[in-house]
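Chemist: mind folding the following:
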Amino acid sequence: MLLGNPEMKNTAVLGGIVLYRSKDKKEVCYIGRDKTAEFDIVTIAFSGDLKQHRKIGI
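Modeler: Have a look, this model is predicted:
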C-alpha cells in the first residue's frame, strides 16, 4: 500500500492517505509513482504474510 503524508512513530506506520494498493509491490512502486506529486512524504506499507525466501547454500 502506498501512503501519502504518513503518520509514523519511530519506524511504525500509524496511518496516512492511501494513494494506491495492490498485492504486487512492483505495481505499487510503478503505478503509484504518478500519484505522489501532491505529497511531501510518501511511504510503502506492507500488511500480510511475508513469503519465505530461498535459502542459499554455502
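
Chemist: contacting residues for the closest residue to Ser47 other than its chain neighbours?
Modeler: Nearest residue to Ser47, sequence neighbours excluded (C-beta to C-beta, 6 or more residues apart in numbering): Met1, at 6.9 Å. Just so you know, the C-beta spots here come from the backbone N, C-alpha and C atoms, and that holds for glycine as well. Residues in contact with Met1 (C-beta atoms under 8 Å, 6 or more residues apart in numbering) are 18, 20-21, 28, 44-47.

Chemist: hmm, try it at 6 Å
Modeler: Residues near Met1 by C-beta atoms under 6 Å, 6 or more residues apart in numbering: 18, 21, 45.

Chemist: who wins on neighbours among the residues you listed?
Modeler: Ala45 (17 neighbours; other C-beta atoms under 10 Å).

Chemist: what residues are up against the residue nearest the centre of the chain?
Modeler: Centroid-nearest residue in the chain, with C-alpha atoms, centre = their mean: Ile44, separated by 1.7 Å. Residues near Ile44 by C-beta under 6 Å, 6+ apart: Leu2.

Chemist: mind doing that once more with 10 Å?
Modeler: By C-beta atoms under 10 Å, 6 or more residues apart in numbering, the contact list for Ile44 reads 1-3, 6, 13, 19-20, 25, 28-29, 32.

Chemist: ok, of those residues, which come out buried?
Modeler: 1-3, 6, 13, 19-20, 28, 32 (16 or more other C-beta atoms under 10 Å).

Chemist: how close does the residue nearest to the centre of the chain get to Asn5?
Modeler: 14 Å (C-beta to C-beta, to the nearest Å).

Chemist: what touches both of these two?
Modeler: Leu19.

Chemist: and Tyr30, how many residues sit next to it?
Modeler: 11.

Chemist: who's in contact with it?
Modeler: 20, 24.

Chemist: quick check: phi and psi at it.
Modeler: Backbone geometry at Tyr30, expressed as degrees, to the nearest 10, gives phi -80, psi -50.

Chemist: and it, what pLDDT?
Modeler: If you check Tyr30, the pLDDT there is 88.

Chemist: any idea how far Arg21 is from it?
Modeler: Distance from Tyr30 to Arg21, by C-beta to C-beta: 14 Å.
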